[in-house]
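1. Need the 3D shape of this:
(3 chains)
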Amino acid sequence: MNPQVLKKEDKLRKRYEFITLSEFGEKKFYKNIIIIYRKNDLSNSRIGITVSKKVGNAVVRNKIKRIIREFFRKSRMLYNNNYDINIIVRKKIKNCDHSDLKKELELFQIKIGK
RNA sequence: GGAGUAGACCAGACGAUCGCUGGCUUUGUCGUUGACAAGGCUGGAGGAAAGUCCGAACACCACAGGGCAGGGUGCUCCAUAACGUGGAGUCACGGUGACGUGAAGGCAAGUGCAACAGAAAGCAAACCGCCUCGCCUUGGGCGGGGUAAGGGUGAAACGGUGCGGUAAGAGCGCACCAGUUCUCCGGGUGACCGGGGAAGCUGGGUAAACCCCACCCGGUGCAAGACCAAAUAGGGGAGUGCUUGAGGGCGGCCCGUCCGAGCUCCCGGGUAGGUCGCUAGAGGUGUCGGGUAACCGGCAUCCCAGAGGAAUGAUCGUCGCCCCCGGUGCCGGGUAACCGUCCGGGGGAACAGAAUUCGGCUUACGGGCUGCUCCGACC
RNA sequence: GGGCCGUUAACUCAGUCGGUAGAGUAUCUGCCUUUUAAGCAGAGAGUCGUUGGUUCGAGUCCAACACGGCCCA
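-> Below is the predicted model of the structure:
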């Protein structure tokens, strides 16, 4: 399987999936993001991204989502594990750049991977 | 060169690598349509996609026809599927001008409103005045009448100026000007414009006050709506069964034993979920013709996003644009400071993301281009 | 995506038919009390969300915009 692919099966897509995850999942707080994660019964991991309207307009929100998806696409962690993950972006992200966001995602990757 | 004004235009470009998503197609597996996997070709945000301020298409609901209520629009003619939109004009206002702005019907249909000030705020009236008559009478005061020129108040005070006239005055009369109504002539499809005559002195403001007049409008919105349809609960029908035992448990079968009033099938509604609606259209581009124009018609040609926690991205390289800093060989402008030019380094690149689809409006915002106007300098 | 509502003092709200913007809480000052609280008296605090328009005059009427909130599967 191509390691740099992020398809529909690898995303959280339904409202009840997000709700049950936030009810039973573990939460990690970082400066710019909050990560909720939980083991699932599938063979692959699934990712969801939540960006509130308070963060910015549609262009800004889409840009943040694309950057986060790009990070998970390039990292292999989704194929070695079976987690449901939700990334919630906090308002403060307006004041930081992309490299800070990447550092926090890498911290989470080290924590969960292996 | 500066300031301004109107119009049309672009929305960084190219390449490489890794990805997302729609369509078509080839091969393989399961195999009835079809589903999955791999590969190939190809399409993939905007001028505002935004705000949701209007108008439609489309869908469902309601509806014989008409009226009332309610809402909207409001100079004229034209355009259009329709509009509160657009085009061309009229009038008014602003600007030296190019040009811009205008909810621009009716307060001589009715009703209402106008704080404070002022005598008086709507159709007549009179505070200080002015004039006159009577009484008291030194000055002057009191009372009756006339008057609206002057003063004062106010956002606004009942046509303006001049002459005549008068006791003082007044459209009381006259001349000119402004306005109203009626009428005639000419131009224009029309709003209206130009010119002549008569009347009467003139009946103020506010309709984004109620209202009157003319015209238009049924409601809800793709989360409209149509179809397929789990699980669970419950509804209807048929069959069978209730101690003569349906059905279930004791690993399969029979016997036995235990529990025991339901069990089986069909139908309809309908939730999660899925499919359709979903993109070929009042479509784009070019050209010819009609029209001042908006726009309309003919012909040719093209197919140009369809997602659904929501697709257009990331990284790198080259070039182009803007800003800042440093240097200054040549050249140009300037008395000079400096600016342009050239080289090197650093930074930045606006507003903003389709969500059923169109026609507009409004708001946000980067850039250069063209026409025109005014001002300044030179020839 | 579509529909609906609101914005007035630091906070919560009134404001009729356009004519000098009010109330309660809070704050401050004084009185009372040994002191605090309570009570009494007084004071300060307003671009009425923003910008235009109508009007002599706008919190109120009209238009555009901004911000906040609610509903519809």
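2. Briefly note if the longest helix belonging to chain A comes near RNA strand B.
-> Counting by DSSP state H, the longest helix found in chain A is helix A:58-74. Yes: for a cut-off given as CB under 7 Å from any atom of the strand, helix A:58-74 has contacts with RNA strand B, namely A:58-59, A:62-63, A:65-67, A:70, A:73. C-beta coordinates here come from the backbone N, C-alpha and C atoms, glycine included.
3. A:L105 contacts A:E70, correct?
-> No: counting by CB atoms under 8 Å, A:L105 does not reach A:E70; the two are 10.4 Å apart.
4. So between the two, which is more surrounded?
-> Set side by side, A:L105 and A:E70 show more neighbours around A:L105, with 20 against 14, by other CB atoms under 10 Å.
5. and that one, backbone torsions?
-> Dihedral pair for A:L105: phi -60, psi -40, per degrees, to the nearest 10.
6. All the helices of chain A, in order from the start?
-> Taking DSSP H to define them, one finds helices in chain A at A:15-24, A:58-74, A:77-80, A:98-112.
7. can you redo these as JSON lines with mean pLDDT?
-> Converted to JSON lines, the helices of chain A look like this (pLDDT from 0 to 100):
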{"stretch": "helix A:15-24", "mean pLDDT": "80"}
{"stretch": "helix A:58-74", "mean pLDDT": "83"}
{"stretch": "helix A:77-80", "mean pLDDT": "58"}
{"stretch": "helix A:98-112", "mean pLDDT": "75"}
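8. do you know which of those helices lies nearest A:I36?
-> Each of the helices of chain A was checked against A:I36 via CB to CB, and the shortest separation belongs to helix A:15-24, namely 5.6 Å.
9. got the contact list for the residue nearest the centre of chain A?
-> Centrality entry for chain A: nearest residue to the mean C-alpha point is A:I87, 3.7 Å, by CA atoms, centre = their mean. Residues touching A:I87, when contacts are defined by CB atoms under 8 Å, 6 or more residues apart in numbering, comprise A:33-35, A:47-50, A:68.
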